[in-house]
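> quick one, structure for this:
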Amino acid sequence: MQTWVRGPEAAHPVMDGISFMMEMHMRKHLLLLSSAAVLWAHPALAQEELTEDEQFPDGWGGGCCSIAGTRIGTITVTATGDETFVSDTGQPVTVISRKEIEDLQGADLTRVLERAPGVTFSRNGGVGGFTGLRIRGAEAEQLLAMIDGVPVNDQAAPGGGFDFGNLLTGIIEKIDLLRGANSTVWGADALGGVMNVTTRREDGASASVEYGSDDTLFATASGGIGDADAFLGVSGGYFRTDGFSAAARGTEPDGFEQWSVSARGNIRLTPTLEAFASGRYAEGDLEIDGFPFPTFTLSDTDEFQDTDQYSGAAGLSYGGDGLDLIASYSFSDTERANFNPLFGADPGFVSDGHLDRVDLRGNLQASEVISLAFGGEYEWHAFETNFDARHTTRIAGAYGQVGISSGGFNAHIGVRQDDHQRFGGATSLGADISYAFGDGWRIRASSGEGFKVPTLFQLFSDFGNELLQPERSRSYDIAIEHGTRGGPLHAAVTLFRRDSNDLIEFVSCFGSSNPICTDRPFGTYNNVAKARAQGFEVELGAKVSERFSAMAVYSHVDAENRTAGAFNEGNDLARRPRHALTASVDWQGPAGIGLGADLRMVGDSFDDAGNFTRLDGYQVVTLRASKAIGEKFEIFGRAENLFDTDYQTAAGYNSRDRAVFVGVRVKV
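Numbers count the residues shown, from 1 in each chain. Modelled structure (predicted):
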């Protein structure tokens with residue numbers, strides 16, 4: 001359990017209480033580590049190392065690397081903060097590569113993320129509309145989002161989440177998703193999961209353009225030059241669509257236009273020292289629908305929103321003699337402006353959220369069996385709106401994680417200490433094990449803790465409550481798995497549970513005598529909620545023949561409000577469907593022809609905490625086709641929502657009807 005001691009005046013009690021908190025945490029993880037010791041005493045059979053093509057015949061490995069020319073596998077950074085083979089961690093990680101993104105086609109990131117188990121989303125209209133991701137039933141704001149390792153959650157958003165509507169696929173090289181709490185490594189905001197998006201790094205050049213329904217145009221270009229000692233690469237994308245009405249009862253199309261660009265570079269200064277830098281900028285212009293007087297129901301309006309997002313990092317990395325170090329400075333900023341022409345040319349609402357961060361991460365290979373991952377960071381957060389003065393806060397944290405690796409057995413246990421300007425100190429623990437046995441089998445398990453401090457908006461806006469405390473969570477999972485995602489044969493079953501406490505919710509103050517409503521007539525925020533999300537995930541994938549492959553992921557999530565005495569105690573959490581399935585088949589024919597089909601099935605859910613408004617389940621089918629012309633050119637096309645299913649992921653908001661797209665891609 002994270003234990004917070006409030007305010008600077010509690011600094012000494014924090015330090016005095018660390019030993020007690022460590023003892024309680026160690027007891028909680030004793031069973032997991034005892035199991036690890038038993039497994040370590042019986043090393044797994046030696047596993048044959050496969051080539052990249054043998055492991056990932058469809059190119060879906062998600063990024064591979066070689067150690068001493070002998071080992072190739074999928075790499076993750078979300079598990080330990082350093083590059084780690086997915087097969088070496090017990091944490092639930094999904095990695096999606098550029099090859100898979102291109103096979104699926106299009107700008108819409110949700111169609112890619114749906115291929116990871118436990119992922120659902122809600123969107124206010126079409127591509128570009130506010131898009132929130134929910135991982136294993138967590139709130140959308142409880143996912144820590146990073147781009148090239150830089151946290152990009154909007155510091156000015158009420159819940160501090162990241163809007164995935166303004167992140168398109170054009171500049172993405174890889175997606176690394178951890179489906180569990182991991183504040184031990186990543187600190188605040190890693191309550192419900194961690195996602196790191198890596199921007200493209202391409203030797204040579206490539207470009208693509210597609211056009212389709214609703215006068216939609218999507219163009220991308222990427223290129224890079226360099227070698228092992230120096231590299232510079234740039235990627236860009238442009239998206240434009242007339243769209244469709246965001247409001248289900250509307251008829252006026254709501255369009256979206258976005259420019260985005262990213263750059264990455266590095267230069268080797270010495271055989272062991274390298275300098276690097278990266279950056280991303282995206283500008284989106286979105287037409288939105290509102291709630292006009294006198295009905296105040298979602299309808300066609302002339303409102304629109306401008307969003308600017310930019311982030312970047314620069315630093316040094318050292319590697320040699322069993323020690324790897326990365327030191328960097330990074331920043332992210334999200335600026336929004338909402339306009340309603342009925343009230344003039346000036347924006348009605350403007351917000352700016354900013355983060356600055358300095359951090360150091362490292363990994364020490366103490367022996368062939370034991371390693372130590374460690375790190376620390378210092379962050380400055382700021383927000384302001386045209387209604388709220390600028391407010392700032394800061395948080396510092398440090399962690400250490402011991403890793404044990406012997407044969408097919410891997411285990412990690414870590415501890416973290418954070419200190420927040422307003423909330424004092426917090427301690428977090430996490431642990432995981434992975435044990436390979438037999439012919440490609442392994443079992444894995446993990447336990448992690450997460451916390452999320454109140455946002456500056458929740459503390460200091462007109463609706464703020466300065467007495468708020470951080471949200472907390474504990475997550476557990478255990479799985480058995482065969483093979484590797486994208487390999488010849490992959491199967492996995494995972495059981496999971498997450499308990500969350502002190503969740504922050506908006507509280508109405510209409511007619512209330514509650515003291516927290518003083519000077520807050522329209523409402524405020526309070527720590528009032530408790531929730532549990534539990535269920536299971538199933539992953540299946542197979543290369544049935546040289547030409548035919550198939551995959552499927554299914555998630556059952558029971559997300560329940562467990563707030564004692566609340567009117568909605570026992571209700572399903574809003575917008576958390578219990579059932580979600582994604583399945584696809586792909587056929588590679590002669591003469592470079594490729595055909596594919598995707599099915600997305602989502603069960604019923606509720607749009608509100610009271611479970612009064614039901615969102616019906618839906619099924620959406622997409623057909624894909626491609627034709628390679630030589631080694632450099634490819635033409636492709638798809639039909640989305642083939643059977644023109646009418647569905648909503650947020651009550652009152654439209655989703656795309658049947659749509660058709662065609663495109664061409666070139667690589668040199």
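
> can we go C-alpha only for contacts and neighbour counts from here?
Noted.

> ok, Asp163 - contacts?
With contacts taken as Cα atoms under 8 Å, 6 or more residues apart in numbering, Asp163 has the following neighbours: 130-132, 153-154.

> if we ignore the residues flanking it in sequence, what's nearest Arg600?
If the residues on either side of it in the chain are set aside, Arg600 comes closest to Thr582, at 4.6 Å by Cα to Cα, 6 or more residues apart in numbering.

> which other helices and strands does the one helix or strand that neighbour maps to contact?
In the assignment (DSSP states H and E), Thr582 maps to strand 579-588. Applying 3 or more Cα pairs under 8 Å, 6 or more residues apart in numbering; DSSP states H and E, we find strand 579-588 packed against strand 548-561, strand 593-602.

> single out the most deeply packed of the ones you listed.
Among those, strand 548-561 has the highest mean neighbour count (mean count of other Cα atoms under 10 Å), at a mean of 21.

> that strand: how far from the chain's middle?
17 Å (Cα atoms, centre = their mean, to the nearest Å).

> just the CA trace of it, in PDB.
Extracted in PDB, the C-alpha atoms of strand 548-561 (Å, rounded to 0.1, in the frame of the first residue of the first chain):
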ATOM      1  CA  PHE A 548      -2.200 -18.300 -44.100                       C
ATOM      2  CA  SER A 549      -2.100 -16.900 -40.500                       C
ATOM      3  CA  ALA A 550      -4.700 -16.000 -37.900                       C
ATOM      4  CA  MET A 551      -4.900 -14.400 -34.500                       C
ATOM      5  CA  ALA A 552      -7.400 -13.500 -31.800                       C
ATOM      6  CA  VAL A 553      -7.500 -11.800 -28.400                       C
ATOM      7  CA  TYR A 554     -10.400 -11.900 -26.000                       C
ATOM      8  CA  SER A 555     -10.900 -10.100 -22.700                       C
ATOM      9  CA  HIS A 556     -13.400 -10.500 -20.000                       C
ATOM     10  CA  VAL A 557     -13.400  -7.600 -17.600                       C
ATOM     11  CA  ASP A 558     -15.600  -7.200 -14.600                       C
ATOM     12  CA  ALA A 559     -15.100  -3.600 -13.400                       C
ATOM     13  CA  GLU A 560     -17.300  -2.800 -10.400                       C
ATOM     14  CA  ASN A 561     -17.800   0.200  -8.200                       C
END
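
> the inter-axis angle of it versus strand 593-602?
Put simply, strand 548-561 runs at 20 degrees to strand 593-602, going by axes from the mean of the first three to the mean of the last three Cα atoms, to 10 degrees.

> what's the average pLDDT for strand 548-561?
Averaged across strand 548-561, pLDDT comes to 97.

> do stretch 624-632 as well
Mean pLDDT, stretch 624-632: 95.

> any weak-confidence spans in this protein?
Within the chain, the stretches with pLDDT under 70 are 1-72.

> what sits closest to the most centrally placed residue in it if chain neighbours are left out?
Nearest to the mean C-alpha position of the chain, by Cα atoms, centre = their mean, lies Met195 at 3.0 Å. Of all residues not flanking Met195 in the chain, Leu177 sits nearest, at 4.5 Å (Cα to Cα, 6+ apart).

> give the pairing partners of the helix or strand that neighbour falls within; include direction for each.
Leu177 is part of strand 172-178, with elements assigned from DSSP H and E. Strand 172-178 sits in its sheet next to strand 93-97 (antiparallel), strand 193-199 (antiparallel), going by DSSP bridges.

> need phi/psi at Ala313.
Dihedral pair for Ala313: phi -150, psi 150, per degrees, to the nearest 10.

> who does the closest residue to it other than its chain neighbours bridge with?
Of all residues not flanking Ala313 in the chain, Ser330 sits nearest, at 4.1 Å (Cα to Cα, 6+ apart). For Ser330, the beta-bridge partners under DSSP bridges are Ala313, Arg357.

> any idea how far Ser330 lies from Leu273?
19 Å (Cα to Cα, to the nearest Å).

> same question for Ile443.
Going from Ile443 to Leu273 by Cα to Cα gives 37 Å.

> who's more crowded, the two?
Neighbour count, other Cα atoms under 10 Å: between Ile443 and Leu273, Ile443 has more, with 19 against 16.

> which one is that one nearest to, not counting chain neighbours?
Looking at Ile443 with Cα to Cα, 6+ apart, the closest residue is Ile480, at 4.4 Å.

> what do you get for Val553?
Glu539 (4.5 Å).

> likewise Gly226?
Leu232 (6.4 Å).

> quick one, phi psi at that neighbour?
phi -140, psi 130.

> tell me the contacts of it?
224-226, 263-266.

> let's go with 10 Å and repeat that
201-203, 223-226, 263-267, 276-278 (Cα atoms under 10 Å, 6 or more residues apart in numbering).

> same question, Leu615
Going by Cα under 10 Å, 6+ apart, Leu615 touches 574-577, 603-608, 647-652.

> ok, 8 Å please
Contacts of Leu615 (Cα under 8 Å, 6+ apart): 575, 604-607, 648-651.

> out of those, which is most surrounded?
Busiest of the contacts of Leu615 [other Cα under 10 Å] is Thr649, holding 27 neighbours.

> I'd like the contacts of Asp163 as TSV, with neighbour count, distance to Thr94 and secondary structure appended.
Compiled in TSV, those are given as follows (neighbours: other Cα atoms under 10 Å; distance: Cα to Cα, whole Å; DSSP: H, G, I helix; E, B strand; the rest coil):
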residue	neighbour count	distance to Thr94	secondary structure
Phe130	17	24	coil
Thr131	23	20	strand
Gly132	21	18	strand
Asn153	26	20	coil
Asp154	26	24	coil
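
> what about Glu303, neighbour count?
Glu303 has 17 neighbours, counted by other Cα under 10 Å.

> nope, Ser545 is what I was after
Neighbours around Ser545, by other Cα under 10 Å: 10.

> and the gap between it and Ile175?
For Ser545, the distance to Ile175 equals 27 Å [Cα to Cα].

> Glu114 too?
For Glu114, the distance to Ile175 - Cα to Cα - is 12 Å.

> give me the more crowded residue out of those two.
Shown here are Glu114 and Ile175; by other Cα under 10 Å, Ile175 has more neighbours (22 against 19).

> quick check: that one touching Asn196?
Yes - at 6.0 Å, Ile175 counts as touching Asn196 under the criterion of Cα atoms under 8 Å.
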